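Colleague: Prediction below, plus the sequence it came from.
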Amino acid sequence: MRPYDSAEQKQAHEHPDGRPAGATSTERVVGRHRRPDPPRAALPLPRSTPVRAALITGLSCCLGVAAFAGTWQAGGPSEPVQGALADRAAAAAEAEQRASRSLDRSPAAPMTILPSPTAKPSPSATRKPKPKPAKPVRPRPVAGLSQLQMDNAKIIVDVGRGMKMPRRGLVVAVATAMQESDLRNLASDVLPESADYPHQGSGSDHDSVGLFQQRPSSGWGTVRDLMRPTYAARVFYEALLEVPGWEEMSVTAAAQSVQISAFPDAYAQHEERATTVVAALT
């Protein structure tokens, strides 16, 4: 109240119960005599757009949680919630597949699978390859012989060494083959069968065949046997061993004792060359 107010105005500012209008008290009137509280002014919303968006988002989340809680049942999520969860799982799987397809996987770099440390290698992986048999070394020709003649001379020497023949016997055998066949395995024009076996020419001295021109009709063996150089050399050495004192004989005499040739002195001309050949092969 102001000092210059009238009595009526002073009375109007006083409460009906006699309390001044400005008096304060913690006492509240209940029941129908309760004085209504003055209306509260609404809080003004902030004018800033980000703040408004944050408030709206928070309110939406609260409403969503409330809705989710309302749909949850004692035994688990309700059917609408289950459907929503299934839809979200399918969408996540599809997104993962799209992401995996977008990765760069170059086919030029294949994946290397390392073997297990406990795995045992297969027998085929550890088996060593069998070495290939070495080709026989052919002797270098000497004394004016061809490779074919030198190969035949080696067969004669090898058979003699296998029979423990002395060097003298080797020289006698090589010299004899030089005279009889020129160190060639010859067939016979008289024996057509001899041409059925490997041969290196032919002769026409009766039925004589092979390196030593031995005759099947004289008991040296069959045509098939005599056409094999190893067999022909062996039967020659066996016959030479039956000649008494052949070691002290000349090459001509020792050869003639076995061959019974019509030209007994012809063997002597081959002694020097035969000695050179045997020296090269032993």
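Modeller: Structure's in. What do you need? The shown structure was predicted, so the numbers you read here are calculated from the model rather than taken from an experiment.
Colleague: who's in contact with E271?
Modeller: Contact analysis of E271 by CB atoms under 8 Å, 6 or more residues apart in numbering lists 171, 175, 251-252. (Each C-beta comes from the backbone N, C-alpha and C, glycine too.)
Colleague: Helix, strand, or coil at it?
Modeller: Counting by DSSP: H, G, I helix; E, B strand; the rest coil, the backbone at E271 sits in helix.
Colleague: just to revisit the earlier point, which member of the contacts of E271 is positioned nearest Q214?
Modeller: Nearest to Q214 among the contacts of E271, counting by CB to CB, is A175 at 15.9 Å.
Colleague: Burial check on that closest one, number of neighbours?
Modeller: Residues near A175, counting by other CB atoms under 10 Å, number 26.
Colleague: That one touches T276, doesn't it?
Modeller: No. Look at A175 against T276 with CB atoms under 8 Å: they stay out of range, at 11.0 Å.
Colleague: What ranges does this protein have for its strands?
Modeller: Along the chain, the stretches classed as strands by DSSP state E are 72-73, 76-77, 187-188, 202-203.
Colleague: And the last one, what does it pack against?
Modeller: Read that as strand 202-203. strand 187-188 (3 or more CB pairs under 8 Å, 6 or more residues apart in numbering; DSSP states H and E).
Colleague: Now for E248: which residues touch it?
Modeller: Not one residue lies near E248 by CB under 8 Å, 6+ apart.
Colleague: any idea how far Q147 is from it?
Modeller: 35 Å (CB to CB, to the nearest Å).
Colleague: ok, the contacts of E271 vs Y237, which is closest?
Modeller: Within the contacts of E271, distances to Y237 taken as CB to CB reach their minimum at V171, with 12.4 Å.
Colleague: who touches the closest one in this structure?
Modeller: The contact partners of V171, taken as CB under 8 Å, 6+ apart, are 251, 271, 274-275, 278.
Colleague: give me that answer again for 10 Å
Modeller: Taking CB atoms under 10 Å, 6 or more residues apart in numbering, we find V171 in contact with 157, 160, 251, 254-255, 270-279.
Colleague: re the thing from before, lowest average confidence across the strands of the chain, which one?
Modeller: Sorting the strands of the chain by mean pLDDT places strand 72-73 lowest, at a mean of 47.
Colleague: now the helices for the protein?
Modeller: In the chain, helices defined by DSSP state H lie at 7-13, 49-71, 79-101, 123-126, 147-162, 167-181, 223-226, 229-241, 251-259, 271-281, listed in chain order.
Colleague: Now the second one: average pLDDT?
Modeller: What it means is helix 49-71. 50.
Colleague: what's the answer for the fifth one, then?
Modeller: Confidence over helix 147-162 (mean pLDDT, whole number) is 97.
Colleague: From the contact counts, what lies against that helix?
Modeller: Using 3 or more CB pairs under 10 Å, 6 or more residues apart in numbering; DSSP states H and E as the contact test, the elements touching helix 147-162 are helix 167-181, helix 229-241, helix 271-281.
Colleague: could I get those as a markdown table with distance to H206?
Modeller: Output for the helices and strands packed on helix 147-162, formatted as a markdown table (distance: least, CB to CB, whole Å):
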| stretch | distance to H206 |
| --- | --- |
| helix 167-181 | 13 |
| helix 229-241 | 16 |
| helix 271-281 | 25 |
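Colleague: The closest residue to V258 other than its chain neighbours and G162, how far apart?
Modeller: Excluding the flanking residues, the one nearest V258 by CB to CB, 6 or more residues apart in numbering is A239, at 4.7 Å. A239 is 17 Å from G162, where distance means CB to CB.
Colleague: Which one's more surrounded, the two?
Modeller: Each of A239 and G162 has its neighbours counted (other CB under 10 Å); A239 has more, 16 against 12.
Colleague: Please read off the pLDDT at the more buried one from the model.
Modeller: At A239, the model reports a pLDDT of 97.
Colleague: correct me, but it touches A233?
Modeller: No. Proximity of A239 to A233 does not meet the contact threshold set by CB atoms under 10 Å, at 11.1 Å.
Colleague: what touches both of those two?
Modeller: Jointly contacting A239 and A233 under the rule CB under 10 Å, 6+ apart are F212.
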